Structure formats: C-alpha cells, structure tokens
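# Dropping the sequence and predicted coords here.
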Amino acid sequence: MTEREAYIALNMVQRIGAVTVANGVAALGSAVAFFKAGPSALREVRGISRDSAETLSTSFLFVDWRREIENAESHNTKLVTFVDPEYPALLKTIHDPPLVLYVTGDPRALSLPGVGIVGTRAPTPYGRANAAAFSSALAQAGYAVVSGLARGIDTEAHRATLASRGTTTAILGSALDRLYPEENRKLAHEIIDAGGAVISEYPFGRSADRQTFPMRNRIISGLSQGILVVEAGVSSGTMITADHALEQGRAVMAIPGRIDTASASGCHKLIQDGARLVTTPDDVLDELSSLRYNESPTIPSPLPPPPKVRLDDEEKLILSTLENGSMTLCELADALNIPARKLTFCITTLEMKCLVDRFDLDRIKLHAKR
C-alpha cells in the first residue's frame with residue numbers, strides 16, 4: 001500500500017475525519033502506518049478513545065480501497081489525495097482539508113484564483129440578476145467561480161460563468177455518482193466540457209444528507225480567496241459557508257437587498273458583523289486584489305495589487321488604537337466597544353493586508369506593523 005492509497009482508504013471510513021487522520025499521521029509516522037495500526041496503537045492517537053480504537057481497527061479491515069480506485073477509473077474520475085501534487089495549495093491551509101477530492105473535469109481548475117458565489121435556493125429576480133452579473137464580470141476578470149451546484153444562486157453563478165466562457169468549479173454535497181439535484185446533471189456536464197470541474201470528497205455511493213451539505217461548504221470557501229453572498233436568509237446554509245470563510249481567513253462580502261425581504265436578511269447580518277458591502281463587481285475585485293494571497297507564488301492573482309490599501313472606519317480605529325503598542329483582543333474589545341465577532345473579522349482582514357501581526361497566540365496579542 002502506498003501513502004496515496006492509504007489516504008483513499010481512510011477517506012472511505014465515515015467514523016474519522018481529516019483532523020483525526022492528521023493526528024494519526026503525526027503520531028504513527030504515515031497514513032499507511034495509521035491505516036495498518038491495531039487497537040493499541042490507535043489508542044495513542046489524539047481524539048481516538050479506547051472503544052473507538054477497537055471499532056476503527058475492525059473497520060479498516062473491510063475497506064475495499066482497490067475497488068474504489070477501479071470505480072473512479074470507470075467513472076472517468078481522478079482521485080486527488082492530500083499528498084498528490086495536484087491537490088490545491090489554498091485548500092491545504094484550512095483546519096480540516098478533505099483527505100481526497102473526487103474530480104471529474106480538469107483538476108487544474110481547483111488551483112485557479114477563485115471566488116465563491118453562494119446564496120439561497122429560492123432567490124428573488126433581483127438575486128438571480130446579481131448572481132449572473134457578478135459571476136460574469138468576475139469570470140471575465142480571470143477568476144474561477146466556485147459554487148455548490150444547488151438550485152437558485154449557485155445555478156445562476158455556474159451558468160453565467162459558462163456563458164462568459166469562464167471557468168467554474170462545482171462542489172457537491174454528495175458522491176459524484178449520487179449527484180444532487182438531479183436536474184443539474186446537464187449543467188454539471190457543461191461545466192466539465194468547458195474546462196471546469198465537478199468535485200466531491202465523498203466515496204462512491206454516498207447520498208446527500210443534512211451532514212454532507214454543511215461539510216461541503218468548507219470546501220467552497222477553502223478553494224476561494226473570498227466569498228460573495230448574493231442572497232441568503234439568516235438561518236440558511238449559506239451562512240455556514242460565510243462562517244467557514246471567516247474561520248479560514250477568507251474575505252467575506254455581501255450584496256445588500258431590501259430590508260423587508262427575508263432572503264436579504266442574512267446579507268444584512270453579515271454586513272453588520274463586518275463583511276464588506278459590495279454593490280458592483282469592481283468592489284469585489286478591489287477586496288480580492290488587496291489580500292495577502294497575492295504574495296504566494298502558488299496562488300496567482302489575475303490583478304495587480306492596488307497602490308493603496310482600502311480601510312474601513314473600524315479598521316482605521318483599530319490601527320489608531322494600536323499606535324501606542326500591542327494589546328490583547330480583550331483589551332481592544334473593551335477599548336473600542338466593537339462586538340467580538342466583528343472585531344475578530346477586522347483583525348483577520350488587517351492581518352491579510354499586512355497591517356497588523358498576531359503574536360504570542362496563547363495570550364492573543366496584537367501589534368501594529370511599522
């Protein structure tokens with residue numbers, strides 16, 4: 001068994017996730033050693049209890065990873081594991097990156113500079129028009145549009161990108177052979193034919209459920225330099241994508257809508273909490289081009305960095321407060337009377353703009369760069 005095959009096998013075991021596998025690799029030296037370990041060795045891995053070690057050890061014996069590789073070949077699917085060179089560099093930076101990506105289409109599409117465009121499955125005509133207009137403009141600017149192939153905003157984003165001859169990637173909340181919704185199967189083929197990709201982290205046979213959709217949302221944000229929320233309710237799954245983006249240090253942007261429209265309430269909540277309010281595609285391009293991602297040679301940007309970093313009022317206030325030296329996050333919150341979630345978002349944004357540093361992480365201290 002190779003290390004690559006071990007990742008494919010481990011991904012087929014539903015009882016463990018990426019974090020546990022990372023712990024196992026660190027403790028036992030390799031994915032192969034983890035997969036072949038017995039109960040006593042597994043109990044030494046952080047996050048695995050005594051009972052779980054017995055169960056996992058038994059589960060590993062019944063994983064038919066060879067058949068999975070054969071299935072991938074018969075479905076014209078490429079398995080891109082965490083240790084493969086094709087695995088997107090940006091996705092590796094998230095807390096729990098997928099162990100394996102099942103890719104139909106061109107795997108290179110996953111490493112293009114991308115922007116996630118997401119929203120409700122029941123958009124208004126205003127939302128549909130904005131999804132199409134922003135997706136088209138961003139595609140023409142050189143960004144790959146990343147979305148979830150769901151009804152509504154996702155579908156509009158994929159279709160507008162294709163109409164603009166751009167590249168788009170669809171992240172499924174099911175296995176590739178259980179594509180959902182079925183009505184978008186033709187759209188999935190169009191994405192592949194146009195040089196994009198349709199991907200999933202789930203082994204063949206896994207149907208969509210309430211767990212798979214929230215999990216796939218972290219991949220949408222993980223593959224993107226920023227997330228644009230077009231329309232969403234406060235309790236919608238789209239807000240989970242925005243939360244993932246915040247945790248991953250991605251830019252979060254939202255389009256405002258009518259104050260009496262439920263499908264705009266999520267966007268307004270995000271804006272209140274510190275997301276960038278955008279009204280034109282140029283606003284999105286400005287936000288994306290100012291991020292630190294442009295410094296990485298593995299994540300090219302289609303746009304040059306702006307001559308001057310844009311700062312909103314809260315960011316200016318934070319920098320002004322830090323002029324006399326470093327402060328803890330709690331001290332900043334007390335001094336500025338800014339909600340903790342919004343303050344954390346602002347600090348992350350300032351870090352990506354290279355204007356502040358976070359150091360001594362146990363005490364969460366900050367200091368302004370000179």
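Alright, I've got the coordinates. Residues are numbered from 1 along each chain as shown.

# what are the ranges of the helices in the stretch 1-150 of the chain?
In the stretch 1-150 of the chain, the helices defined using DSSP state H, counting those that start in this stretch lie at 3-11, 18-28, 31-36, 39-42, 50-61, 65-74, 125-140.

# Which elements pack onto the second one?
Counting contacts by 3 or more C-beta pairs under 8 Å, 6 or more residues apart in numbering; DSSP states H and E, helix 18-28 packs against helix 31-36. Every C-beta, even on glycine, is put in place using the N, C-alpha and C of the backbone.

# Mind listing what's buried along the helix it packs on?
By neighbour count with 16 or more other C-beta atoms under 10 Å, helix 31-36 contains the buried residues A31, V32, F34, F35.

# and these as TSV, adding pLDDT and distance to I191?
Shown next, in TSV, are these (pLDDT from 0 to 100; distance: C-beta to C-beta, whole Å):
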residue	pLDDT	distance to I191
A31	91	31
V32	92	35
F34	89	35
F35	89	33
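
# Please identify which pair of the residues you listed lies farthest apart.
Distance extremes for the buried residues of helix 31-36: the farthest pair is V32 and F34 at 7.2 Å, using C-beta to C-beta.

# any shared contact partners between the two?
Common contacts of V32 and F34 (C-beta atoms under 8 Å, 6 or more residues apart in numbering): A6.

# Name the SS class of R258, please.
The three-state assignment at R258 reads coil, by DSSP: H, G, I helix; E, B strand; the rest coil.

# and it, what are its phi and psi?
The phi and psi values for R258, taken as degrees, to the nearest 10, are phi -70, psi 140.

# got the contact list for it?
Contacts of R258 (C-beta under 8 Å, 6+ apart): Y126, A264.

# got it, and G222?
By C-beta under 8 Å, 6+ apart, G222 lies in contact with L90, L91, T93, I94, P97, H244, Q248.

# which residue sits closest to the fourth one, ignoring its sequence neighbours?
It refers to I94. Leaving aside its sequence neighbours, I94 sits nearest to G222 (C-beta to C-beta, 6 or more residues apart in numbering; 4.3 Å).

# Tell me the pLDDT of that neighbour.
With respect to pLDDT, G222 scores 94.

# Please report how far A41 lies from A9.
Separation of A41 from A9 (C-beta to C-beta, to the nearest Å): 16 Å.

# Just want to know which of those two has more residues nearby.
A direct count of neighbours by other C-beta atoms under 10 Å for A41 and A9 places A9 higher, at 25 against 17.

# Show the pLDDT at T348.
Here the pLDDT value assigned to T348 is 67.

# Quick check, E44 in contact with A27.
Yes - with contact defined as C-beta atoms under 8 Å, E44 counts as touching A27 (5.8 Å).

# can you give me the end-to-end distance of stretch 193-200?
18 Å (C-alpha to C-alpha, to the nearest Å).
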